[in-house]
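> predicted model, plus sequence, below.
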Amino acid sequence: MPKHIDQDTGQEFPLYPSPEWLADVEQLNREACPHDTKELRRASVSNGAIHIRHQCLHCGELIGSAVSKADAPKEMRDADLTLRVNYQAERKRQRDDIDQKHIRLQRKDGNVFKKRHREYLASAAWKVKRDKVLRRANGMCEGCLEAEAREVHHLTYEHWGNELMFELVALCPACHAKCHPGLEAEDEPVEPPCYGCRYVDWDQSQTMLCGKFGVLAMNALLAGGDCGPDARELETSQVE
C-alpha cells in the first residue's frame, strides 16, 4: 500500500484511492496546462547544442520539434527554465493538497475504503482478474519463483477497480506478507480464503456466496459462522 506523509501528524498514512480521491486526481489532470501561449526560444540541449523550440509561457514546457534557424526570428530570448520548475512545484503542491484532504477524510471516516476493498476482493469481477493473473504465472509465485501462487497482490491502487494486468502479481502467502510488513490483518484487506474452495459461488449481484452452507461467504467466515475466521470447512479445488 502506498504511504503518504500526513502533514498534520508527520506520520505515514496508508492513503486508499477512494472514488472521491480518484475523481479529484483526474480533475487535476484535466486542468493541466493546455499550452495556449507559447513563443520561440533558444534552448540548450544535453550535448550543448542550441535548438529553437516553442516554449509555453505558462508552464515552461518545450513544445514540438526544433524549428530551423533559417525560419526563426533573428531576435529571441533564451528559454526560461524557471517557468517549468515553478509550474511543476505548483502542480505538486496541488496534488499534495488533494492527498492531504483525503488523508483527513479517511482518518475521520475510518475504514470506509477498506470495506469497499474487501467487498471488491469478494466480487466475481475480481475473481476473473485474479484467475487471469494466476494462469499467467502458471501457478508459480512471482515473488520467490518457488512456492505455489495462491494470492494476487496490487502493485499500485492507482487504477483500483479497473487495474492494468501488469499492476497485479501472483504471490504465495509468505511473499504477500512481505509486501505488507508491520500491518495487522485488519489494516490491510486480503482476499477471502473462499477463492480456494470448491463451493465458492456468486449471485446475480456478484456477491460471493458459500455454496456449501447456502449463505453469504463473508457471513460464513465470521466468528460463530459455519466456516469461521480460520475457514475450517474449506475444501480446496485446483486453479484452472
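Looks like it came in fine. Residues are numbered from 1 along each chain as shown.

> which parts of the protein belong to which domain?
What the record gives for the chain is the domain set 1-109, 114-191, 194-240, from automatic domain parsing.

> can you redo the ones you listed as JSON lines, where the extra columns are mean neighbour count and mean pLDDT?
C-beta: built from backbone N, CA, C; applies to glycine. Output for the domains of the chain, formatted as JSON lines (neighbours: other C-beta atoms under 10 Å; pLDDT from 0 to 100):
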{"stretch": "domain 1-109", "mean neighbour count": "14", "mean pLDDT": "88"}
{"stretch": "domain 114-191", "mean neighbour count": "16", "mean pLDDT": "84"}
{"stretch": "domain 194-240", "mean neighbour count": "15", "mean pLDDT": "74"}
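
> which SSE is Arg95 in?
helix 81-109 (DSSP states H and E).

> ok, then the element right after that helix?
Taking DSSP H and E, what comes next after helix 81-109 is helix 112-121.

> could you tell me how far the helix or strand following that next one lies from the centre of the chain?
As assigned by DSSP H and E, the chain's next helix or strand after helix 112-121 is helix 124-136. Centre-to-centre, helix 124-136 and its host chain are 17 Å apart (C-alpha atoms, centre = their mean, to the nearest Å).

> what's helix 124-136 packed up against?
For helix 124-136, the elements it packs on are strand 151-154, strand 168-171, judged by 3 or more C-beta pairs under 8 Å, 6 or more residues apart in numbering; DSSP states H and E.

> following the last one, which helix or strand comes up?
To tie it back to what came earlier, the one meant is strand 168-171. Using DSSP H and E, the helix or strand that follows strand 168-171 in sequence is helix 173-179.

> helices or strands next to that following helix in the packing?
Judged by 3+ C-beta pairs under 8 Å, 6+ apart, helix 173-179 is in contact with strand 151-154.

> just want the most central residue of this protein.
For the chain, Tyr157 is the residue whose C-alpha lies nearest the centre (C-alpha atoms, centre = their mean; 1.9 Å).

> helix/strand/coil for that residue?
coil (DSSP: H, G, I helix; E, B strand; the rest coil).

> can you tell me, leaving aside adjacent residues, what's nearest to it?
With C-beta to C-beta, 6 or more residues apart in numbering as the criterion, Tyr157 has its nearest non-adjacent residue at 4.4 Å, and that residue is Pro17.

> next up, identify which helix or strand that neighbour is on.
Here Pro17 is assigned to no helix or strand, by DSSP H and E.

> in this structure, what residue sits furthest out from the centroid?
The chain, farthest from centre, C-alpha atoms, centre = their mean: Lys74 at 48.9 Å.

> so which strand or helix has it?
Using DSSP H and E, Lys74 falls outside every helix and strand.

> relative to helix 112-121, how tilted is the helix holding Arg95?
Compare the direction of helix 81-109 with that of helix 112-121 by axes from the mean of the first three to the mean of the last three C-alpha atoms, to 10 degrees and you get 80 degrees.

> could you say what helices and strands helix 81-109 packs with?
Going by 3+ C-beta pairs under 8 Å, 6+ apart, helix 81-109 lies up against strand 12-13, helix 19-30.
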